[in-house]
Structure formats: structure tokens, C-alpha cells
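> Pasting the sequence and the predicted model now:
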Amino acid sequence: MRLPARIDRRLVVDAAIAVGVTAAQLGVAHATLSWNHHHAHTSVGWGADLLLAAGGMALVVRRRFPVAVLAIALGAALWAGDISHTGMIWLVPIAAFFNAVIARKRVAAIASLVIGYAVSFWGVWTSARGHASPAVALGVAAWLIVLLAIAEVVRIRSQRAAAIARSREDQLRRRASEERMRIARDLHDVLAHNISVINVQAGTALHLMDRQPERAREALTAIHEVSKQALTELRSVLGVLRTADDDPPRTPSPGLSQLGELVQSARSAGLDAGLTVTGDSRELPAEADLGAFRIIQEALTNAARHSSSPTARVQVCFEAGGVRIQVDDDGPARADGKGSGPNGTPQAGGNGITGMSERALALGGALHAGPRSDGGFRVSAFLPTPDGGGSRSAPDSDSGSVAYRATAAGGSR
């Protein structure tokens, strides 16, 4: 069974480090012996070489067993120094010591320094070579303290780098989760609205197929147009999932400039839909423009699916600090109760109002949805936007205050 690529790379790096440190330690041992005129014509010996090599190669598994590797490295170095009369060779123990400190095994690391220092200067072989002077002993002790301080600095920097990496990963995961939620909301809005229209028109076509084929043809034509529009919107919503080699989407995201088309689509779903736009119409930021459109789209979809009234009114008011949206239907909730909660509250799969609220909150606004005292239902939202911006022509209008009033083309609901 092949190991993952990341594990393979780690093993290669660890093996390379172990071989390099082992070779360096053996070289230092032989160089130390050759410099010692008392043993100028002798060798370290195969036993010491074997111990030094074993201690060095233990570094291959230092990530998994930091304390055990430190013990092996220290013991091998001490034993090899004893049988070769070269003194302790510190290279492999130092590498294992740094690894233990980084792995947060500081007690074991400090213990290794104390044991190595004590055995090196008061060990069983020191009588044969003579005891080191106090100055040398103090110098080595100071050097070991510096080594510990350096290891602590390395550990802190390593932990800080790991914390930064985890923070970045958490941020990426959070952004990915937010993007998934945004795509899910957009998909819900697109599919719920267009599938509702297609369902109504398909029922009309089936009902009128034999008696009024021309009206059935109109319904099928409407299904064709709505489905084409739905596919276009789906490609736009899923455009963020394209690969780097794909062409960018060429169709703009829906916005308030397309409210006329949205109202026409709502009429196809059986609503006597009306639209009023007041205030100084202006270009909105892309996210607010799309959010306002989706909220109106979902509110109209809920009205078509859950209200027994064929009437819905959309009001859009551009204010100095944002845009205010209100969608009303005259209710009450349909007698069959499909998708309706207490007091006629629409529950389009449990996601409609929740999705609208989340969308408004994500833009820094607020949304309220609930039944009116007269039996109807109202969705109102305010989305804050920066002041100013270029002027934009209002959606298709009859006069300065835009108003739409049309009769459902597909027969009664």
C-alpha cells in the first residue's frame, strides 16, 4: 500500500537529515581522535562507529518518538565516548534535544542536558583522562544554557508559525463555508421561483391541452422561457465553481434593474403582481443589488405557493442610507396548508424566510416577515448601502412612480 505523498516527503527529509547528522558525527569523532596525539595511530573502533551510527539513524523517527530518540542518541553518544576515549560527541544528541523541545518535551530535554553534562565531566571514564578544569566545566555549562535558550526561541517561533497556519486554515474554511451558504441560498431562490412558475404553467398546459390548445401552447412557451432563464441563472450562481481554465461567466448577476422581468415571471406563476419604485433610483453595490433581487424573488415565490390571494404588491424605496423592500400578499394562507406554518407563515421547505433573513443580515440589514392583522402576509427588509452612486433608470415604468398591475395569464390559481 502506497503512503500518501506528504508522508513520503517527510520520510525522505527525515532520512536525509539522519544520514547527514550521522555522517557529520562520525567525521567529528575521527577528527577528534586524530587531533589527540595520544591516540594518533589508533582508530575509533567499529563498536563506537556502530553506536554513533545507531544514535544518528534513530533521528528518522524523531517526530513520532521524540523522547525515545533523545534517550537513544544520548546513550549511544555516551557509550561511544567511553569505549573510544574520544569523549562525548554532541551532534546527534543536540539534534534530538532540539526536536524534543519543539515537540514540547522540555522536561526530557532538560534532563538529557543534565545527564550528559554530569556523565561527561564526572563519568566513569573521566579518571582515566583526568578531570576537566572548573573553567572548562563552567564554560560547557554556560554553553548548554545558551543551547537551551536557543531551543526555546526555536520552539516559540515554531508554535507561532503553526498558530498562524491554523488561523489561516480556519479562515479559509470559514470563507468556504460562507461561500457554500451563499451558493445554497442562491440555488434555493433560483430553483424555488422558477420551478414554481414551471409547475403552474405545466398544470395549465395539461388542463387546457384538449379544450384550448392555443392557451396550452402559450403555457408551454412560458415554460420554455422560464427554464432557459433558470439555466442562465444557475450558470451564473455556479460560476464560482469553475476552474481557472474556464471562461468567466458572461451574464451579469440579477439585480433590481431586472425587476420587470421578475414581475412578469411572477405573473406567469399566477400572481396579479404589482411593483412600485420610489425615491432616487441609483446604482447599488453588486452584493446589495443581488440581495434585494433575491429577497423579492423569494417573497413572490412564497406568495405564489402559499397565499390563497392572486394579488401581490412589491414596493422598493431608495433612501439616503439604503434601499427598503416590502412585499405584501392579501392572504390568507391556502386552505390546503401546503408549506404553511402557524398563522399562515410560509415555510418553503423551511429555508425561504431563513434564507432571506440570512441574506439581509449578511449585508448588514434586517428583515421581518409575518402575517398582517388583515390576514395577509408581509415581507419587509432594509439593506444599507453607501450614499451616492450613479443614477440608473428605474425598471420598466409607466411614469415617475413605477407601477405594475397585470392579470395572471394562466387562468385561476
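Thanks, I have the structure now. Residues are numbered from 1 along each chain as shown.

> Quick check: can you list the domain ranges of the protein?
5-132, 206-403 (automatic domain parsing).

> quick one: average pLDDT of stretch 316-334?
Averaging pLDDT along stretch 316-334 yields 88.

> in it, what's buried?
316, 318, 322-334 (16 or more other C-beta atoms under 10 Å). For glycine as for every other residue, the C-beta is placed from the backbone atoms N, C-alpha and C.

> Using PDB, list the CA coordinates for it.
Presented in PDB, the C-alpha positions along stretch 316-334 are these (Å, rounded to 0.1, in the frame of the first residue of the first chain):
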ATOM      1  CA  VAL A 316     -39.000  49.300  -3.500                       C
ATOM      2  CA  CYS A 317     -37.900  52.600  -1.900                       C
ATOM      3  CA  PHE A 318     -34.500  54.100  -2.400                       C
ATOM      4  CA  GLU A 319     -33.500  56.000   0.700                       C
ATOM      5  CA  ALA A 320     -30.400  58.000   1.600                       C
ATOM      6  CA  GLY A 321     -28.800  55.200   3.600                       C
ATOM      7  CA  GLY A 322     -30.000  52.200   1.700                       C
ATOM      8  CA  VAL A 323     -33.000  50.500   0.000                       C
ATOM      9  CA  ARG A 324     -36.200  49.400   1.600                       C
ATOM     10  CA  ILE A 325     -38.200  46.500   0.300                       C
ATOM     11  CA  GLN A 326     -41.700  45.400   1.000                       C
ATOM     12  CA  VAL A 327     -43.700  42.500  -0.500                       C
ATOM     13  CA  ASP A 328     -47.400  42.000   0.500                       C
ATOM     14  CA  ASP A 329     -50.000  39.500  -0.400                       C
ATOM     15  CA  ASP A 330     -53.600  39.700   0.700                       C
ATOM     16  CA  GLY A 331     -53.800  36.200   2.000                       C
ATOM     17  CA  PRO A 332     -55.000  34.300   3.800                       C
ATOM     18  CA  ALA A 333     -52.900  31.100   3.600                       C
ATOM     19  CA  ARG A 334     -54.100  28.500   1.200                       C
END
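
> ok so, going back, could you dump the domains of the chain to TSV with distance to R160?
Formatted as TSV, the domains of the chain follow (distance: least, C-beta to C-beta, whole Å):
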stretch	distance to R160
domain 5-132	12
domain 206-403	32
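
> So for E178, which of these sits nearest?
E178 lies closest to domain 206-403 among these, at 8.1 Å (C-beta to C-beta).

> Can you check which helix is longest in the chain?
helix 134-208 (DSSP state H).

> which other helices and strands contact it?
helix 91-102, helix 106-122, helix 213-237, helix 259-268, helix 286-306, helix 352-362 (3 or more C-beta pairs under 8 Å, 6 or more residues apart in numbering; DSSP states H and E).

> can you tell me how far I295 sits from A320?
20 Å (C-beta to C-beta, to the nearest Å).

> Just the strands from the stretch 301-413 of the chain, written as ranges.
Counting by DSSP state E, counting those that start in this stretch, the stretch 301-413 of the chain has strands at residues 311-319, 322-329, 366-371, 377-384, 402-403.

> Redo these as a markdown table? Include distance to H193.
Below are the strands of the stretch 301-413 of the chain laid out as a markdown table (distance: least, C-beta to C-beta, whole Å):
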| stretch | distance to H193 |
| --- | --- |
| strand 311-319 | 13 |
| strand 322-329 | 13 |
| strand 366-371 | 16 |
| strand 377-384 | 14 |
| strand 402-403 | 21 |
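
> right, and these - which one's nearest I164?
strand 377-384 (33.5 Å).

> Buried ones in the closest one, by neighbour count?
So strand 377-384, judged by 16+ other C-beta under 10 Å, has buried residues 377-383.

> So what angle separates the directions of that strand and helix 352-362?
20 degrees (axes from the mean of the first three to the mean of the last three C-alpha atoms, to 10 degrees).

> could you list every residue that touches the closest residue to V190 other than its chain neighbours?
Take V190 and drop its neighbours on the chain: the residue closest to it by C-beta to C-beta, 6 or more residues apart in numbering is E233, 4.6 Å away. Listed by C-beta atoms under 8 Å, 6 or more residues apart in numbering, the contact partners of E233 are 190, 194, 254.

> Between the residues you listed, which sits nearest F65?
Ranked by distance to F65 (C-beta to C-beta), the contacts of E233 are led by V190 at 55.2 Å.

> So what's the residue count around the closest one?
V190 has 22 neighbours, counted by other C-beta atoms under 10 Å.

> That one and S357: what is the separation?
Distance, V190 to S357, using C-beta to C-beta: 18 Å.

> Ramachandran coordinates for G255?
phi -150, psi -180 (degrees, to the nearest 10).

> is it true that it touches D289?
Yes: with contacts counted by C-beta atoms under 8 Å, G255 reaches D289, the gap being 3.7 Å.

> Same drill for those two, tell me which one is more crowded.
The residue with more neighbours, out of G255 and D289, is D289; 22 against 19, by other C-beta under 10 Å.

> And stretch 369-377, what's buried?
So, applying 16+ other C-beta under 10 Å, buried residues of stretch 369-377: 369, 371, 375-377.

> and the two most separated of those?
A369 and G375 (15.3 Å).

> so what's E319 up against?
E319 touches G279, counting by C-beta under 8 Å, 6+ apart.

> Enumerate the beta-bridge partners assigned to it.
Under DSSP bridges, the beta-bridge partners of E319 are G322.

> any idea how far F98 is from it?
63 Å.

> And the pLDDT for the residue nearest to P285 when sequence neighbours are not counted?
The spatial neighbour of P285 that comes closest, neighbours along the chain excluded (C-beta to C-beta, 6+ apart), is T385 at 6.0 Å. For T385, the pLDDT comes out at 85.

> Same check on R6?
For R6, the predicted pLDDT is 57.

> do D272 as well
So D272 comes in at 83 (pLDDT).

> That one reaches S307, doesn't it?
No: if you go by C-beta under 8 Å, D272 and S307 don't touch, sitting 11.1 Å apart.
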